[in-house]
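Asker: the following comprises the amino acid sequence and a computationally predicted model.
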Amino acid sequence: MNSTSVLMMSASEATLKALKQLGLTEYETQAYLALVGGGQMAASDISAKSKVPFSRIYDVLGRLEEKQFVQVRKGRPTSYVAKAPTEVMRLIRLEWEERLKESSKVVVEELQPLFEQEQHATTRDVWVVHGRASILAKAMEMLDSAKEEVLLSLPSFDLSAEDVDVIVERVLGVKARVRILTSSITDTLKDQIPRKFEVRTRERVFGAGLVVDQRNTLIMLPGGEDSNEFLGIYSSHAIFAAMSSSYFESLWKDSRPI
């Protein structure tokens, strides 16, 4: 068995697949693994250890440097050293997050107005949203768009509940006026809620609901044990929002400030 085979076998199939998904070619993977296992080396030594042809090694190492997997140390000869996997993953994650942020901004700014214009033109003002993930995604979208007021009702305001945890995290970043109605809230969570938020409790709160800017409404209905059985009713109709807000206000008046 040659040294290249030994080198590649030292990394699991899962790791080799992950490196490929991160954008490395087979030669780039071989060269990076050689540096991870062999430390600082000159190009000729990397070629010998990884079995990447010497005619290709400088091109391969150049691409690894661009992809932030290796560092180049000038000298006679020039040598190369692998960056720590933790540092590589952190740099890649930051780059991808920034790229996703920029792409999302472009897509949303250009296409969302077209989408809303089309939705406004249709008579369909109520949608049924299936599954916990889809319901949470819709709630996050609504909270991100909030400009004036958010009305949120939850049976229990408890960080131990996974879905509530996700919603709470996003609500805490909302700059609009926020009113929250719940049946119970933990002392730990009380300390995390911004003072500008208005929070009240009452003996019972039926179901979970969200109204944003008196325009968008989402009612969340739990299903069975399967997360796909959860249902959400979403509406962009002003009348639906007005009805939901009116119900919220009636409960709000019969509640206690924390």
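Answerer: Arrived safely, thanks for sending.
Asker: closest to the centroid, which residue in the chain?
Answerer: Geometric centre of the chain, nearest residue: residue 97, 9.3 Å, by Cα atoms, centre = their mean.
Asker: tell me which element that residue is part of?
Answerer: helix 85-121 (DSSP states H and E).
Asker: quick check: mean pLDDT across that helix?
Answerer: For helix 85-121, mean pLDDT is 82.
Asker: list the buried residues in it.
Answerer: With burial defined by 16 or more other Cβ atoms under 10 Å, the residues of helix 85-121 counted as buried are residue 88. Glycine gets a C-beta too; all of them are placed from N, C-alpha and C.
Asker: which strands and helices sit next to that helix?
Answerer: Helix 85-121 sits against no helix or strand, with contacts defined as 3 or more Cβ pairs under 8 Å, 6 or more residues apart in numbering; DSSP states H and E.
Asker: show me the contacts for the residue of the chain positioned farthest from its centre.
Answerer: Of all residues in the chain, residue 76 has its C-alpha farthest from the mean position, at 45.5 Å, by Cα atoms, centre = their mean. Counting by Cβ atoms under 8 Å, 6 or more residues apart in numbering, residue 76 touches no other residue.
Asker: just for the stretch 101-250 of the chain, where's the confidence low?
Answerer: The stretch 101-250 of the chain contains residues with pLDDT under 70 at 116-124, 157-169, 172, 222-229.
Asker: the same query, at a cut-off of 50, please.
Answerer: Applying pLDDT under 50 to the stretch 101-250 of the chain flags residues 121, 123, 159-160, 227.
Asker: okay, helices next: where are they in it?
Answerer: 132-145, 162-171, 187-192, 238-253 (DSSP state H, counting those that start in this stretch).
Asker: could I have the CA atoms of the shortest one written out in PDB?
Answerer: As requested, the backbone C-alpha atoms of helix 187-192 are provided in PDB (Å, rounded to 0.1, in the frame of the first residue of the first chain):
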ATOM      1  CA  ASP A 187     -37.800  34.300  36.700                       C
ATOM      2  CA  THR A 188     -34.800  33.600  34.500                       C
ATOM      3  CA  LEU A 189     -36.600  34.700  31.400                       C
ATOM      4  CA  LYS A 190     -38.000  37.800  33.100                       C
ATOM      5  CA  ASP A 191     -34.500  39.100  33.600                       C
ATOM      6  CA  GLN A 192     -33.800  38.700  29.800                       C
END
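Asker: tell me who's in contact with residue 245.
Answerer: 151, 211, 214.
Asker: isn't the first one up against residue 248?
Answerer: So that's residue 151. Yes. The pair residue 151 / residue 248 is scored as a contact, 4.9 Å apart, by Cβ atoms under 8 Å.
Asker: mind listing the shared neighbours of the two?
Answerer: 179, 181, 209, 211.
Asker: which of the residues you listed tops the neighbour count?
Answerer: Using other Cβ atoms under 10 Å as the neighbour criterion, residue 211 leads those with 26 neighbours.
Asker: please name the bridge partners of that one.
Answerer: In this entry, residue 211 is beta-bridged to residue 151, residue 217, by DSSP bridges.
Asker: how about the contacts made by it?
Answerer: By Cβ under 8 Å, 6+ apart, residue 211 lies in contact with 150, 151, 217, 218, 241, 244, 245, 248.
Asker: now the residues you listed in JSON lines, with distance to residue 187?
Answerer: Shown next, in JSON lines, are the contacts of residue 211 (distance: Cβ to Cβ, whole Å):
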{"residue": "150", "distance to residue 187": "23"}
{"residue": "151", "distance to residue 187": "24"}
{"residue": "217", "distance to residue 187": "31"}
{"residue": "218", "distance to residue 187": "28"}
{"residue": "241", "distance to residue 187": "33"}
{"residue": "244", "distance to residue 187": "30"}
{"residue": "245", "distance to residue 187": "29"}
{"residue": "248", "distance to residue 187": "25"}
